[in-house]
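[1] Predicted model follows, preceded by the sequence.
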Amino acid sequence: MLIQTEALVKDYSLGKTVVRALAGVSLTIEGGEYVALMGPSGSGKSTLMHILGCLDTPTSGRYLFKGEDTARFNDTELARLRNKEFGFVFQNFNLLPRLTALANVELPMLYAGISRRERLRRATELLELMGLKERRHHRSNELSGGEMQRVAIARALANKPAVILADEPTGNLDSRTGSEIMNLFDQLAGIGNTVIIVTHDPTIARHARRIVQLKDGIIVNDGSPETGKRKEN
């Protein structure tokens, strides 16, 4: 089992008010699955993604990654886990604007202690895979939105993560560019990568082979796009 959550609860305090973002989420995801976490704004889908990616911790419940309870990890161990096992793609790209595409893709490998020669080789290879070989020396603020998202995907793949987590990855793109980006995720899932997409858009969710729908912090449906019923692994 790659990912397993047990009765996850996440509360946020806003002054004297407590907002419950997750209200007991139990979920399992096997390696190689292509999953969409879908729901309206406020449903808890992004909160769940942040916990799955070890960007946040639950108020109660358990999250096991590769059979290990993440609550036992200290901050340093969680940071190492994030960098090694998870590749993140965000709606706003989160690239460093003064760095080139190549340097942005190299960053996770730099933090992982990979040699400069290997960083350069792999970053170049990934940008070529994304169709950006000729743009690798351009700064990210000189690239189009679609190109920036391709750089972000290349960066997410840099450390050969176990899981690719994408939060509204087409939200800032036009429909044509968004379709091209989703085709890239389809290809990554097709070669065995575990891909988890967070979206409110049914069109985007239908790219996945499994859709987990959330509402008011709970899972209300978990199944395939075709039947709405959970596929047996």
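    Happy to help now that I have it.

[2] drop to CA atoms for contacts and neighbour counts, all remaining ones
    Fine.

[3] Can you give me the neighbour number for residue 171?
    With neighbours defined by other CA atoms under 10 Å, the count for residue 171 comes to 15.

[4] how far away is it from residue 48?
    Counting by CA to CA, to the nearest Å, the gap from residue 171 to residue 48 is 18 Å.

[5] Just give me the residue right at the centre of the chain.
    The chain has residue 165 as the residue nearest its centroid, 1.0 Å off, counting by CA atoms, centre = their mean.

[6] check contacts around residue 99.
    139-140 (CA atoms under 8 Å, 6 or more residues apart in numbering).

[7] now it: how far from residue 124?
    Residue 99 is 15 Å from residue 124, by CA to CA.

[8] Same question for residue 200.
    Here the distance between residue 200 and residue 124 works out to 33 Å (CA to CA).

[9] Same check on residue 59?
    When distance is defined by CA to CA, residue 59 is 41 Å away from residue 124.

[10] Quick one: the helices in the protein, in order.
    Taking DSSP state H as the test, the helices found in the chain are 45-52, 75-85, 101-111, 116-129, 145-156, 175-190, 202-205.

[11] For residue 36, find the nearest of these.
    Each of these was scored for nearness to residue 36 using CA to CA, and the closest is helix 202-205 (5.3 Å).

[12] Pull the contacting residues for the closest residue to residue 4 other than its chain neighbours.
    Nearest in space to residue 4, with sequence neighbours left out and distances taken as CA to CA, 6 or more residues apart in numbering, is residue 28 at 4.4 Å. For residue 28, the contact set (CA under 8 Å, 6+ apart) comprises 1-5.

[13] Could you identify the buried members of these?
    By neighbour count, with 16 or more other CA atoms under 10 Å, the contacts of residue 28 hold 2-5 as buried.

[14] give me the low-pLDDT residue ranges for this protein?
    Applying pLDDT under 70 to the chain flags residues 227-233.

[15] again, only this time at 90
    Per-residue confidence for the chain (pLDDT under 90) gives these ranges: 14-15, 224-233.

[16] Can you get me a residue count around the nearest residue to residue 18 once chain neighbours are set aside?
    Closest residue to residue 18 in three dimensions, ignoring its sequence neighbours and counting by CA to CA, 6+ apart: residue 12, at 5.6 Å. When neighbours are counted by other CA under 10 Å, residue 12 registers 12.

[17] Count residues in the vicinity of residue 26, would you?
    Using other CA under 10 Å, residue 26 is surrounded by 16 other residues.

[18] From residue 164, how far out is residue 146?
    Remark: distance between residue 146 and residue 164 (CA to CA) = 18 Å.

[19] Pick out whichever of those two has more residues nearby.
    Under the criterion of other CA under 10 Å, the comparison of residue 146 against residue 164 puts residue 164 first, with 24 against 19.

[20] OK, contacts around the more buried one?
    Neighbouring residues of residue 164 by CA under 8 Å, 6+ apart: 86-89, 156-157, 193-196.

[21] let's go with 6 Å and repeat that
    86-87, 195 (CA atoms under 6 Å, 6 or more residues apart in numbering).

[22] got it, and residue 9?
    Contact analysis of residue 9 by CA under 6 Å, 6+ apart lists 22-24, 58-60.
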